[in-house]
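K.L.:
okay, predicted coordinates and the sequence, questions at the end:
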Amino acid sequence: MAAPRLPIAPGLLLPSAFLVLLALAVAAPALLTGADPLAADPLSALAPPGAEHWFGSDHLGRDVLSRVVYGARHSISIGVAATVLAVTSGVLLGLAAGLSPTWLDEALARAFDVLSTLPELLLALLVVAITGPGTGNVIFAIAVAQIPNYARVIRAQTFVVRHSGYVEQAVTFGRPRLAITAGHVLPNVLGPIPVLATIGLGQAVIASSGLSFLGMGPQPPAAEWGAMLSEARNYLRVAWWEALFPGLAITLTVVCLTVVGRRLQRRFEGRTP
Amino acid sequence: MIGRLGVVRRLGTGLAVLWAAATASYVALLIAPGDTVDILVGDGADTPEIRAAIIKEWGLDRPEVVQYLAYLWRLLHGDLGRSYQLQRGVGEVLATQIAPTAQLTLAAAAVGVTLAAVIALVTAGRGRAARGMASLASVAELVAVSVPPFLIGIVLLAVFSFTLGWFPVSGAQGPAALVLPALALGLPIAGVLGQVLRGGLERALEQPFAVTARARGLTERALVARHALRHALIPAVTLAGWFTGTLLGGAVITEVLFGRPGLGRVAMDAVTGRDMPVVMAVVLLSALVYVTISTLLDLAYRAIDPRIRG
Amino acid sequence: MITNPGEDTAITSPGADTAITNSGEDTAASPLVAVRDLRVGFNGTEVVRGLSLSVAPGECVAVVGESGSGKSVTARTLLGLAGPGSSVRASAFTVAGRDALTFGEREWRGLRGRFAGLVLQDALVSLDPLRTVGAEIGEVLTAHDVVPRRWRESRTLELLESVGVPEPELRVRQHPHELSGGLRQRVLIASAIAAEPELIIADEPTTALDVTVQAQIMRLLAERKAAGTALLLISHDLAVVASIADRILVMRDGRVVEEGPALDVLAAPAHDYTRALLAAVPSATSRGTRLTDGTPLTTRLTKGSPLTKGSPLTDGPRLTDGPRLTDGPRLTDGPRLTDGPRLTEGRALTEGSPLTDGPRFADGTPGGPLTSSPGQAPVLAVSGLTRSYGPRRVVEDVSFVLHRGETLGIVGESGSGKTTVARLALALIEPDDGQVTLHGEQWSGLPERRRRPRRPTLQLISQNPLDSFDPRHTTARLIAEPLRLPRAERRARVLDLLARVGLPLEVAGRHPRELSGGQRQRIAIARALGPRPDVLVCDEPVSALDVSIQAQVLDLLAELQAEYGTAMVFISHDLGVVHHLADRVLVMKDGRVVEEGEVDEVFTAPRHPYTRDLVAAVPRLPGGEVADLPRSAAEAQVSAGM
Amino acid sequence: AAQPEAAAPTSLTWAIETQPITLNPQQWAQNKVRLLVFNQFDALLTRNKDGSFGPWLAKEWKVSDDELTYTLTLRDDVTFHDGAKFDAASVKANLDQFFVEGYNTAVAGIQLRAYQEAKVVSPTTLEITLKEPDALFLDFLASPYAGQVSPKSLKSAKDVKFGGIDLVGTGPFILDRYVPGQEIHYRRNPAYQWPPAGAAHQGPAHLSEITYRFLPEAAVRVGALTSGQVQVIEGVPATEAGLIKSDPGLTLQTALNSGTSFSYYFNVSRAPFDDQRVREAFREAVDLDAVLKAVYQGTATRAWSVVGKASTFYDTSLENTFGGDVAKANALLDEAGWKQRDAQGYRVKDGKRLSVRTLASAAFIRDRRDILAQAIQAQVKQNAGIDFQVKIVDQGTAQKALDDNDYEVFENSRGDSDAGAALNLLLPGKGALNRTHFSDPDVEKWIAEASRTSDQERRKELYAKVQQVVVRDKAIVFPIYVPADQIAAQKSVQGLGFNPASGTPAGAYDVRIGT
Ligand SMILES: Nc1ncnc2c1ncn2[C@@H]1O[C@H](COP(=O)(O)OP(=O)(O)OP(=O)(O)O)[C@@H](O)[C@H]1O
Ligand SMILES: Nc1ncnc2c1ncn2[C@@H]1O[C@H](COP(=O)(O)OP(=O)(O)OP(=O)(O)O)[C@@H](O)[C@H]1O
Ligand SMILES: [Mg+2]
Ligand SMILES: [Mg+2]
């Protein structure tokens, strides 16, 4: 009946290819570039893109290409870690709220409210101010700021699933409450998570670059895209390449993640009529 | 439109949220490393005598709970306290900074909403031209959402100010100085809003009621204006809370980048300088904005969608 | 997906040309709309394939056919609204005497609303939920400058009044969600006739409405017709259109398979498909017979033979699409139908005299319903159930008992509390007052923990099977869920159950969303049967299904019940279905039981005025007495409601 | 030379990096906004480039032989902006103000720790008595803290500690408007007749008004200048210096700051910098010239001593005595027992990596010091296998690490107009800024003596000895560069210059537009 599904849609090919490249950069950056991202060579600082430095060199003479490649690990792992943390906490809190008696649910919902009263970046800034800059703290900060997003969705979803026909049906089969929660509620509330997480990952990458820009990101000399951009802005007139490539890396990453996320979403929505 | 009970309830939760936000930030800063005295003492004056004098001056020798209660008490009287670093009352500091931030965020919101609305209205429809433009617009929107806001700012600065010299580099004087920051802050919003609006319009135009309206002989334009737009607004309105957050958060970066005065800058400085009274005031202020916006949102929602008026 | 086109072409080809010429002869004026060999495709798939049709002024043409046959697409195409991604071709297409093939958007727009009003199929969502009723109607007046601006409001009120909307001044300011389904449909009709079009195209104007409301709407359309407006009426229900249509077109797979004056088509259907359609409608007369082929259940059982060749429905492929077709035979030719004894017991229940003349309060329960076999303890007994949501009493003092092998029908309009009763009986919610006993033991008012072991006894089949399936699970897993068996046995049992409901094994690995509506409902039935329940609560199990598929599911339920002797509570708002299946019936209104009794008695001699309204509102095909008619292909009286 | 009063009103916009946290000179704490203070306020004395003092609001000053009594003779023609007369009583009121509780604990406790009392002898004569000799007292009288504020406005100002238009001085400009985060605006004081000695002209200022805009982003500042939105900027980043120099319409001036150079101070109380060999090795491992060239594009001046090159106390004998000898660095480390290397190439001893940390508070990073740190980080790693970790943290965390003695390198530079004031804080064992935990009785003795005597030659001698010990003999400090200030302006702007005492941009009194 259905036409044989291509393993990958044409519009998805490029984004997926880029994400694969990205994954490679995270897993084995040495495969993509020979240069050491931290090796400074002050004498060849700010060299334009050329045979020696494909993406040029930065203000300390470090190879921009290798910094962008190695930067993937930092930026992506911050994004991934923050997203994983936010998703796990968000799912647990949302599920707890959705399954709790009304008063507890209300309390949790208000707690999400309080967390959202502060703009994400400001909250992250505050968290970093308390915990200090650094990779771990940035992850924590971004995760905390994103928790309510996931928790809210899961909470709403839990309400829906909890009152759905199949949960009711499971009750008529005489299945215990815990079995129903584990067997039906939890798996079904997780539905929108892959989509949200994919798009959330992109947003986390942007957020972490924003924090780095404000000087609250990972510590130097770590190659991290946001931090690279932040430093590069001082050399914009003399070395556009220093800003362009990390900027491009962030943008492409987020674009690709969003495209893939949306595709997932369409799949997901198409699946449940 | 909301019953009186609803208003009381809303105010109640609003206040509770404010209180919780204030308390949470108080506790958070309390557990943060470092000592308030260190911040007050400043560089190079760290002698025991000076420390003692400062502790006394700021009442830091009292137990934390007492300090917290005193803080709440002062808050109730509208006194936000005195900045540790800025030598001034926090209320005064914020008062001077609200206007530029309000200008910036409102301008950015206007940019975002206008761009998004124009693009969505132009590209929503059935013609082939519209569809072509729609795919173009969706690419533009996607990019606008995916570029870190400060990168947009940097590029705008480099192109329109440094190179072309069309707009002043920075500052808060005059409308011209507002253009670039508002664009930098507004473009990502336009991206998201445009996607939402266009999606909403497209979905609405597929609904049976749209077919019915067409069957009445309505033009496509009238259909969009009279029917689809309001439907598209509903998801857009639910995003307004998110926009507020993005605007306020983005204001931090934009103000730093464009050298504009404003709350974002103050917040950033206060946070890095652990200027506790200012941080708490900013937290309170943004909680207040959030609570206000979400209340207005509720009203807007009700105005647009009669179904939830009950 | 679409079957054997060759066969159909043979039948349609004579009708296609004559349709247009015929109408030309019948009426003096030229047709308002005429189309020949209309083909509409979506992204390469043709869904209307060579249809011809014409509507003359003042005429009412009805198009009937099963779901997906292309009725709605045809209707929309006639106003140039086939939709995005569509391609429309026709050898001739005239609208209002002009050649529609050359129309641009602008020409179409001039005609829409003004020349022809369209009432869309989805009545409940065809009004903009964000705008007031007045704005929706006023829009037509504005678009075509029908009346000067200052009269617009009074004209709107007039229109609402003319379609029988009470308190029009109040209603103009209301939004669709504040109106009942019937009122919404009226408003929709009002907006369709606002510009006084010569033609109204009404696509299933009564689907999703209660019988009584349905009757009102049909009356309204009849008035319009009497006023001289031509009507193109679309329905899947022959009985609905019977009273009003001058001509009937029967559609199938995008073609007209039969066409002719209404009476001729209904009284002497020429095409097998039309006959099957008529036969599949459940009613009093169909009791004890298979809807899918008209043979009595007993006959079929004793014979134990597969479907007889030549009987109208044996070449089912036409009736339903692909997968559904193949399971037809499996349903009937298995060895499971052979254990006769239980079946005869079932027959006895439905035909035996104890049912009709037994003492109503034999068990002495005050207000308790009649019991069919006084000696036997009821499986399920419900007494004095009352339940409120907020200040509203949704169910009030409902009592009934149910015995082994018995089917109790519950009918009533939407919102009368039927589902709530079912949920109370299942102890999914607790009654505020009254109680439920299962096998004579307390059932309601217990902690869930104590109920759990007994739950398998009482199973539910709900209206929307898809909603009752965990979307992530495969069919096999769904059916296995209620089974408390070791893993190995479970698998065998699942396969057995699948076979029993006549589904091929390959379905086991699929997800329900990959199955047809009929297949899904079969899975729901298989799952409910898994724990071998004594009582089956069916909440509108067939109301979402097409007549022909509904027929299959009803047959299946009847057979299985006969086989297992399961007692059944069968909820439906379709009197025909209840009459077909149930032994006794409860009629509910506003949460109360207004009448109850043996099903024939209640439906042939209703005592309560509400029941009388209900029965009277059921659309009927023209013809003689219900009882006398042979259950043949020429069956002419069918009562149905949907 | 006196200038004839320019007829046409002239105004100027000047972009500055830092926004003042206070406009009250007595609360002043930011060297970067020193250039604003003397627009609105005049000090009692002025300090010359050679460290000597000149008259300003005080025409003459006399120090008693026991160096405990200072007698000031004041000008009698000076009025505050609010019309009040400047006299001995007002100076006394200004001095006493510091001892109002909670007003300025730090100045009262440090700069004025020797202050006993001030006595009004006559309207133009004030006698100040100290508890003990203080060589820095004159410097105080020439500092922004000595900016004279109208005693009336000290009482009436809405917010004394912050200042503002209602806290007035006697300066050449009157504060008109302050828009926080945006700009500060002054107009000319037409009655001004009392510039400090050494001013380029007499009488009122040339400019009728001046606006300072706060533009913290360096690139933005330069962009504003090149696009003509402002006429003057300060704080020109090294990357942009070439651009400005090559622009015929622009001028660029640079001056080294007074005070101490930007240096890394080694924490000698902890391993590994408790070992002098490691300290020296660290210095030798860095090719500082190359680093400075890369980071500052050749615009930075290398430092050789803790005392800045602009200070009169700078000891030139230290030049070229250390640094850049990689072989020596490695030999020293080998000798100190850091022989092994780990997988990443860092040196290890007893299983411990040779790691040192510096903490910088994000709020105080300027001059690209974070990038400089990265360059040094790369150098010590590549050249000597030292793991130098740079931590940029918030102020609370930085302070906590300092309190907990949880760091190895402390980075600092101070802009005091008298370098001795900085050394007082940095070097003595009990100094408020002694982050090295270095303590040497000789050094302490010399510093104490230098603080007491006002004999500049003697002080120079003593400070030279101090520098030799801490830089050369004990290697507790790694001097890196001498902070400098830059002014870039449109060619038409004349009279821009630097404060001779601090090396920071001077106020706007002498600035004019035109030829
Ligand atoms: N916009 C569309 N795009 C693609 N396919 C469509 C579209 N509209 C209808 N179809 C397909 O055309 C076929 C005929 O649909 P149509 O709605 O006309 O059926 P119908 O006879 O009105 O059925 P029902 O009784 O369920 O309303 C169906 O298979 C349907 O899936
Ligand atoms: N959980 C609930 N909360 C509030 N009201 C409810 C709830 N469930 C049902 N009702 C209300 O109770 C009334 C009866 O509902 P019920 O579902 O039993 O009707 P029904 O006869 O099954 O109708 P239908 O034919 O439409 O299925 C309705 O008016 C409904 O709105
Ligand atoms: Mg249809
Ligand atoms: Mg129901």
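P.N.:
Alright, I've got the coordinates. Ligands and ions are numbered 1, 2, ... in the order given.
K.L.:
give the contact list for the residue of the stretch 101-250 of chain B found nearest ligand 3.
P.N.:
The minimum distance from the stretch 101-250 of chain B to ligand 3, using Cβ to the ion, falls at B:Pro208 (10.9 Å). For glycine as for every other residue, the C-beta is placed from the backbone atoms N, C-alpha and C. When contacts are counted by Cβ atoms under 8 Å, 6 or more residues apart in numbering or on different chains, B:Pro208 touches C:120-122, C:125-126.
K.L.:
tell me the spacing between it and C:Gly182.
P.N.:
Separation of B:Pro208 from C:Gly182 (Cβ to Cβ, to the nearest Å) stands at 17 Å.
K.L.:
what does D:Pro172 give?
P.N.:
88 Å.
K.L.:
who's more crowded, the two?
P.N.:
Neighbours around D:Pro172 and C:Gly182, counted as other Cβ atoms under 10 Å in any protein chain shown, are more numerous at D:Pro172. The numbers are 29 against 20.
K.L.:
pull the most distant pair out of the contacts of B:Pro208.
P.N.:
C:Gln121 and C:Val125 (9.7 Å; Cβ to Cβ).
K.L.:
mind checking which of those two has more residues around it?
P.N.:
Neighbour count, other Cβ under 10 Å: between C:Gln121 and C:Val125, C:Gln121 has more, with 21 against 15.
K.L.:
quick one: the strands in the stretch 1-150 of chain C?
P.N.:
C:33-42, C:45-55, C:60-65, C:86-89, C:92-95, C:98-99, C:116-119 (DSSP state E, counting those that start in this stretch).
K.L.:
off-centre distance for the lowest-mean-pLDDT helix or strand in chain D?
P.N.:
None of the helices or strands of chain D scores lower by mean pLDDT, DSSP states H and E than helix D:395-403, at a mean of 78. Relative to the centre of its chain, helix D:395-403 is centred 22 Å away, using Cα atoms, centre = their mean, to the nearest Å.
K.L.:
how about stretch D:262-277?
P.N.:
24 Å.
K.L.:
what of stretch B:73-80?
P.N.:
With Cα atoms, centre = their mean, you get 24 Å for stretch B:73-80.
K.L.:
mind listing what's buried in it?
P.N.:
B:75, B:80 (16 or more other Cβ atoms under 10 Å in any protein chain shown).
K.L.:
stretch D:132-148 now?
P.N.:
D:133-148.
K.L.:
now the spatially closest residue to C:Lys418 that is not a sequence neighbour: phi and psi?
P.N.:
Nearest residue to C:Lys418, sequence neighbours excluded (Cβ to Cβ, 6 or more residues apart in numbering or on different chains): C:Ile571, at 4.7 Å. Backbone torsions of C:Ile571, given as degrees, to the nearest 10, read phi -100, psi 130.
K.L.:
give the bridge partners for C:Ile571, please.
P.N.:
On the basis of DSSP bridges, C:Ile571 is bridged to C:Ile410, C:Asp539.
K.L.:
wait, isn't it in contact with C:Cys538?
P.N.:
Yes - using Cβ atoms under 8 Å, C:Ile571 is in contact with C:Cys538, at 6.5 Å.
K.L.:
run a quick neighbour tally on A:Leu199.
P.N.:
You called it Leu, but residue A:199 is Ile. 22.
K.L.:
that older thread, and the least confident helix or strand of chain D, what does it pack onto?
P.N.:
helix B:36-41, strand D:355-361 (3 or more Cβ pairs under 8 Å, 6 or more residues apart in numbering or on different chains; DSSP states H and E).
K.L.:
now do that helix against strand D:355-361, angle only.
P.N.:
Calculated by axes from the mean of the first three to the mean of the last three Cα atoms, to 10 degrees, helix D:395-403 forms an angle of 140 degrees with strand D:355-361.
K.L.:
how much space separates D:Gly507 from chain C?
P.N.:
65 Å (Cβ to the nearest Cβ, to the nearest Å).
K.L.:
give me the nearest residue to that residue, chain neighbours excluded.
P.N.:
Closest to D:Gly507 by Cβ to Cβ, 6+ apart is D:Phe38, at 4.1 Å.
K.L.:
contact residues of chain A facing chain D?
P.N.:
Residues of chain A lying close to chain D (Cβ under 8 Å from any Cβ of the partner chain) are A:38-40, A:42-43, A:45, A:59-61, A:128-129, A:132-134, A:215-216, A:219-221, A:231, A:233-238.
K.L.:
stretch D:491-511: which residues count as buried?
P.N.:
D:493-496, D:498-511.
K.L.:
what is the neighbour count of the closest residue to ligand 2 within the stretch 51-200 of chain C?
P.N.:
Closest contact between the stretch 51-200 of chain C and ligand 2, by Cβ to the nearest ligand atom, is at C:Gly181 (9.7 Å). C:Gly181 has 18 neighbours, counted by other Cβ under 10 Å.
K.L.:
which residue packs closest to it, ignoring adjacent ones?
P.N.:
Closest residue in space to C:Gly181, ignoring its immediate chain neighbours: C:Leu209 at 5.4 Å, by Cβ to Cβ, 6+ apart.
K.L.:
C:Ala528 too?
P.N.:
Per Cβ to Cβ, 6+ apart, closest to C:Ala528 is C:Gln459, 3.9 Å.
K.L.:
how about the one you found, secondary structure?
P.N.:
strand (DSSP: H, G, I helix; E, B strand; the rest coil).
K.L.:
low pLDDT regions in chain A?
P.N.:
For chain A, applying pLDDT under 70 flags the ranges A:1-10, A:40, A:42-43, A:220-221, A:268-273.
K.L.:
ramachandran coordinates for the residue nearest the centre of it?
P.N.:
The residue lying closest to the centre of chain A (Cα atoms, centre = their mean) is A:Leu201, at 1.7 Å. Note on A:Leu201: backbone dihedrals following degrees, to the nearest 10 are phi -60, psi -40.
K.L.:
same check on D:Ala450?
P.N.:
According to degrees, to the nearest 10, D:Ala450 has phi -60, psi -30.
K.L.:
what's it in contact with, if anything?
P.N.:
D:135, D:420, D:423, D:458-459, D:462-463, D:466.
K.L.:
who wins on neighbours among those residues?
P.N.:
Busiest of those [other Cβ under 10 Å] is D:Leu423, holding 29 neighbours.
K.L.:
and the gap between the spatially closest residue to that one that is not a sequence neighbour and D:Leu462?
P.N.:
Leaving aside its sequence neighbours, D:Leu423 sits nearest to D:Ile447 (Cβ to Cβ, 6+ apart; 5.9 Å). Distance of D:Ile447 to D:Leu462, given as Cβ to Cβ: 7 Å.
K.L.:
just B:Arg221 next, same as before
P.N.:
88 Å.
K.L.:
re earlier: now the least confident helix or strand of chain D: buried residues?
P.N.:
D:395-402.
K.L.:
out of those residues, who's nearest ligand 2?
P.N.:
When the buried residues of helix D:395-403 are compared against ligand 2 (criterion: Cβ to the nearest ligand atom), the nearest one is D:Gly396, at 53.4 Å.
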